[in-house]
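Participant: Here you go, sequence then predicted model.
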Amino acid sequence: QTPVTVTLSNGQTVTVEAGKTQGSVDFQTPANDVYNNGSTVSVTIENATGGNFEQLTPNPTPAQTTINDSVDTTTATLTASPSVTEGGVIT
């Protein structure tokens, strides 16, 4: 056997070494965005080459990961003088 090179739908490649059954790759999730909370990142195998196998058929099922991000709470507090003389300035 020889290494198998797997090309993913996001353009990255994974090399599965000869005699092994898996490989891995790290990829960046979308930037911190309140609208990404609970969204899914999905990647599929586009192509697989090498290995000297008679028939290498990649599984078309996507690998899916849910982005879990808690919404950051921002608190704004306004304060003012409890009373002011007419024509005065509120601070």
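Facilitator: Here it is on my side, so go on.
Participant: Okay, now the unreliable bits of the protein?
Facilitator: Low-confidence segments of the chain (pLDDT under 70): 34-36, 70-71.
Participant: For it, which segments count as strands?
Facilitator: 4-8, 13-16, 40-43, 45-50, 63-66 (DSSP state E).
Participant: okay, those, which one's buried deepest?
Facilitator: strand 4-8 (a mean of 17; mean count of other C-beta atoms under 10 Å). Where you see a C-beta, it was placed from the backbone N, CA and C, and this is true even at glycine.
Participant: Show me what that one is in contact with.
Facilitator: Applying C-beta atoms under 8 Å, 6 or more residues apart in numbering, the external contacts of strand 4-8 come out as 13-16, 23, 25, 43-51, 53, 56, 58.
Participant: can you list the strands of the chain in CSV and add distance to Val84?
Facilitator: Converted to CSV, these look like this (distance: least, C-beta to C-beta, whole Å):
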stretch, distance to Val84
strand 4-8, 65
strand 13-16, 68
strand 40-43, 54
strand 45-50, 69
strand 63-66, 52
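Participant: for the ones you listed, which one sits closest to Thr75?
Facilitator: The closest of those to Thr75 is strand 63-66. By C-beta to C-beta, the value is 27.9 Å.
Participant: Sweet, I'm off.
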